[in-house]
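Participant: Return a 3D structure for these sequence lines:
(one chain, ligands or ions: 3)
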Amino acid sequence: MSVNAKHEAREETPLRVALLGCGVVGASVARLLVEGRDDFAARIGRPLDVVGVAVRRLGRDRRDTGLPDELFTTDAEELVTRADIVVEVIGGIEPARSLILRAFEHGASVVTANKALLAEDGPRLYEAARAHGVDLYYEASVAGAIPLLRPLRESLAGDDVRTVLGIVNGTTNYVLDKMDSTGQGFAEAVEQAQALGYAEADPTADVEGFDAAAKAAILASLAFHSRVTAPDVYREGISEVTASDVRAAAEMDCVVKLLAICERQQREDGGQGISVRVHPAMIPRSHPLASVREAFNAVFVEAEAAGELMFYGPGAGGDPTASAVLGDVVAVARHRVGGGLGPAESAYADLPVLPMGQTRTRYYLSLDVADRPGVLAQVAEAFSRHGVSIQQVRQTVAADDRSSAELVIVTHRATDEALGATVREIGDLDVVVGVSSVMRVEGE
Ligand SMILES: NC(=O)c1ccc[n+]([C@@H]2O[C@H](COP(=O)([O-])OP(=O)(O)OC[C@H]3O[C@@H](n4cnc5c(N)ncnc54)[C@H](O)[C@@H]3O)[C@@H](O)[C@H]2O)c1
Ligand SMILES: N[C@@H](CCO)C(=O)O
Ligand code: NA
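Facilitator: Numbering: from 1, shown residues only. Ligands and ions are numbered 1, 2, ... in the order given. Down below sits the predicted model:
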């Protein structure tokens, strides 16, 4: 952009930006807006003016944002009435939802990073934005800086997505990666993640999969043109994953990852449905998602015509998340300048979410069994009774105890219901001393 073009854009009437929240993400958004003022003006065709920043309490030193003290206010309700673009980075359901609805009523477009709110009440917010003729953009809500929602909504709009398989929570990926690389147990790895600032003091939302489930709902809605909200998502966290599960995975040349999985599946009546779930799973070390280390995020998408796509990058942090927020701010600002709106959320396909029991998955089981004739047959019979087909069996006899053996079994895909019933029945067999690991297997 030439110096002249930048100068001309600066002369235009500014677009008014209101920032709600000045925490980790908000402070980065504010500073980058100030630092990039001339470039934003040139890219949009009009400058962006921060007209206010709503905070919970005044009086804190916020000079790092580059904004003067008088722009900070505790009156968010008033602030949203005098903006063209509202950036919501408070988080949580209320007052974020009411403030966004109020912003729409006053004609402002909204950019948010709030996955919890979108997963709970997204459809109502999308409809309200349309009704008021404004945009609602939310790229930062899933996988932070990684451009993912816009590719799903726009770049893949001409294709049919089959699967979205993602590592969308950095904290749990960090914990599982440490368990894999050091042999640490879950509690020790969480403490390390807390010491490094990845995990919060109360890590429940991350380790129990709530954060990932919210993101899965948003991804499934976009990928399958259907309405999916947080309660539709089956969720299991990683707090039950043991060092022995991670070792068992390593012996299979696999790693354990917390995955958000959204896939098209056939229903029992032959129609199409979608499975949307978050749970720990073994994936082969050769799978692209297995090499995602530390707190990084990555999402693997399979579409009918495109084939396999992989999106990788930082899923959290002030500046990376602000990058996604600002990309959205520029997009909605351009619509203000040039006219028009971004594409509406579409739920035309209206695919039902399958209950977890009907979802087809694969299982890995490791059993301690008595080493005597007929044991394998009894175990195999239990699988057969539930219609679950075995893909792989491996038996190892301990050198120091020839009366018992370890039996490792990997199944073909079967309904989660049938697999669960099989595992329960096997655990009750007399010849089975104990079930040491059970885990779903994905990515093959
Ligand atoms: N931190 C990340 O890496 C990250 C990544 C992706 C998405 N997000 C999302 O971004 C949003 C913000 O996250 P964050 O990490 O910046 O959180 P944060 O806790 O650091 O910041 C939120 C700020 O909002 C303020 N606030 C709360 N209620 C308010 C109110 N009524 N009026 C004005 N201010 C109020 C808080 O005091 C706090 O400073 C959340 O929705 C989060 O899920 C964060
Ligand atoms: N707590 C989230 C932050 C981004 O949503 C994570 O660990 O990935
Ligand atoms: Na993103």
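Participant: Convert the C-alpha atoms of the longest helix along the chain to CSV, please.
Facilitator: The longest helix of the chain (DSSP state H) is helix 318-338. C-alpha atoms of helix 318-338 as CSV (Å, rounded to 0.1, in the frame of the first residue of the first chain):
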residue,chain,number,x,y,z
GLY,A,318,-3.2,-13.3,23.7
ASP,A,319,-1.6,-12.3,20.5
PRO,A,320,-2.4,-15.5,18.5
THR,A,321,-6.1,-15.2,19.5
ALA,A,322,-6.1,-11.5,18.8
SER,A,323,-4.8,-12.2,15.3
ALA,A,324,-8.1,-14.2,14.6
VAL,A,325,-10.2,-11.5,16.3
LEU,A,326,-8.6,-8.7,14.2
GLY,A,327,-9.0,-10.7,11.0
ASP,A,328,-12.7,-10.8,11.7
VAL,A,329,-12.7,-7.1,12.6
VAL,A,330,-11.2,-6.3,9.2
ALA,A,331,-13.7,-8.6,7.5
VAL,A,332,-16.8,-7.0,9.1
ALA,A,333,-15.3,-3.5,8.7
ARG,A,334,-14.9,-4.1,5.0
HIS,A,335,-18.6,-5.1,4.8
ARG,A,336,-19.4,-1.7,6.5
VAL,A,337,-17.4,0.1,3.9
GLY,A,338,-18.3,-1.9,0.8
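Participant: Tell me the buried residues in it?
Facilitator: 318-336 (16 or more other Cβ atoms under 10 Å). Yep, even glycine has a C-beta here, placed from its N, CA and C like the rest.
Participant: How about the residues of the stretch 151-300 of the chain by ligand 2?
Facilitator: Asn169, Gly170, Thr171, Asp206, Asp211 (Cβ under 6 Å from any ligand atom).
Participant: 8 Å instead?
Facilitator: Within the stretch 151-300 of the chain, the residues that sit near ligand 2 (Cβ under 8 Å from any ligand atom) are 168-174, 198-200, 205-206, 211, 215, 295, 297.
Participant: name the helices or strands packed onto the next helix or strand after the longest helix of the chain?
Facilitator: Note on helix 318-338: by DSSP states H and E, the next helix or strand toward the C-terminus is strand 360-370. Judged by 3 or more Cβ pairs under 8 Å, 6 or more residues apart in numbering; DSSP states H and E, strand 360-370 is in contact with helix 243-251, helix 375-385, strand 404-411, strand 414-415, helix 416-428, strand 432-441.
Participant: quick one on the thing from earlier: can you list the residues that contact the longest helix of the chain?
Facilitator: 15, 17, 24-25, 27-29, 32-33, 36, 40, 43-46, 48, 84-85, 87, 89, 109, 111, 113, 135, 137-140, 144-147, 150, 313-314, 341-342 (Cβ atoms under 8 Å, 6 or more residues apart in numbering).
Participant: 6 Å - rerun?
Facilitator: With contact meaning Cβ atoms under 6 Å, 6 or more residues apart in numbering, helix 318-338 is reached by 15, 24-25, 28-29, 32, 43-46, 84-85, 109, 111, 113, 135, 137, 139-140, 144-145, 314, 341.
Participant: Give me the mean pLDDT for that helix.
Facilitator: Averaged across helix 318-338, the pLDDT comes to 98.
Participant: Distance from the chain centre to that helix, please.
Facilitator: Helix 318-338 sits 20 Å away from the centroid of its parent chain (Cα atoms, centre = their mean, to the nearest Å).
Participant: what about that helix, near ligand 2?
Facilitator: Yes: with Cβ under 8 Å from any ligand atom as the criterion, ligand 2 is reached by helix 318-338 at Thr321.
Participant: near ligand 3, which of the buried residues of helix 318-338 show up?
Facilitator: The subset of those lying close to ligand 3, counting by Cβ under 5 Å from the ion, consists of Ala324.
Participant: which sections of this structure are below the confidence cut-off?
Facilitator: 1-11 (pLDDT under 70).
Participant: Just want the residue of it that's nearest ligand 1.
Facilitator: Residue nearest to ligand 1 within the chain: Gly23 (1.8 Å; Cβ to the nearest ligand atom).
Participant: Pull the contacting residues for the nearest residue to that residue once chain neighbours are set aside.
Facilitator: Leaving aside its chain neighbours, Gly23 sits nearest to Val89 (6.9 Å; criterion: Cβ to Cβ, 6 or more residues apart in numbering). Contact analysis of Val89 by Cβ under 6 Å, 6+ apart lists Gly21, Val25, Gly26, Ala113.
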